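**Student:** How does the following fold in three dimensions:
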Amino acid sequence: MTQYERVKIEEVEITDVGTIAVVRFCGRRIRDFLEIDELGRELYGLIKQDGRRKLVLDFSGVEFFSSAAIGKLISLNGKLKLQSGVLKLCSVRPELLEVFRVCRLDQVFDIRQDRADALASFSD
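**Tutor:** Just a heads-up that it's a prediction; the model follows:
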């Protein structure tokens, strides 16, 4: 495995693992509209300005997120696919995973058990 490079942004921590950007959400709750908008800009910037094509979103610390946050994830996934990229989610708590299942978003997103599983799945 390659060296980890860490960049700290207010809402997220981005770790580069080779060509994969792992984004860990720092807040336990993602619900404020302005915060979600800023997160969207940060994540879209990884695709547009940084040219990232492989993203893992790590939800290990997240206890709650709003429907607006789900909308941003759907939009991010679409933008990434337009660039021939891949988005994977990991470490989603069971109660949040149930929201994805009820909304059938588990069929839209590739949701992995943990970070190691998500990273390993890129070599499939």
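**Student:** how about the strands in this structure?
**Tutor:** For the chain, the strands defined by DSSP state E cover 4-8, 12-17, 20-25, 29-30, 54-58, 64-65, 86-90, 110-112.
**Student:** so can I have CSV of the ones you listed showing mean neighbour count?
**Tutor:** Heads up, the C-betas are built off the backbone N, CA and C, glycines and all. Rendered in CSV, the data for those read as follows (neighbours: other C-beta atoms under 10 Å):
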stretch, mean neighbour count
strand 4-8, 9
strand 12-17, 18
strand 20-25, 20
strand 29-30, 18
strand 54-58, 22
strand 64-65, 18
strand 86-90, 21
strand 110-112, 18
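**Student:** so can I have CSV of those showing mean pLDDT and distance to Asn77?
**Tutor:** Compiled in CSV, these are given as follows (pLDDT from 0 to 100; distance: least, C-beta to C-beta, whole Å):
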stretch, mean pLDDT, distance to Asn77
strand 4-8, 38, 22
strand 12-17, 89, 16
strand 20-25, 92, 13
strand 29-30, 64, 16
strand 54-58, 95, 9
strand 64-65, 83, 15
strand 86-90, 97, 5
strand 110-112, 97, 9
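**Student:** Is it possible to get TSV of the ones you listed that adds distance to Asp37?
**Tutor:** As requested, the strands of the chain are arranged in TSV below (distance: least, C-beta to C-beta, whole Å):
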stretch	distance to Asp37
strand 4-8	20
strand 12-17	14
strand 20-25	15
strand 29-30	11
strand 54-58	17
strand 64-65	14
strand 86-90	19
strand 110-112	24
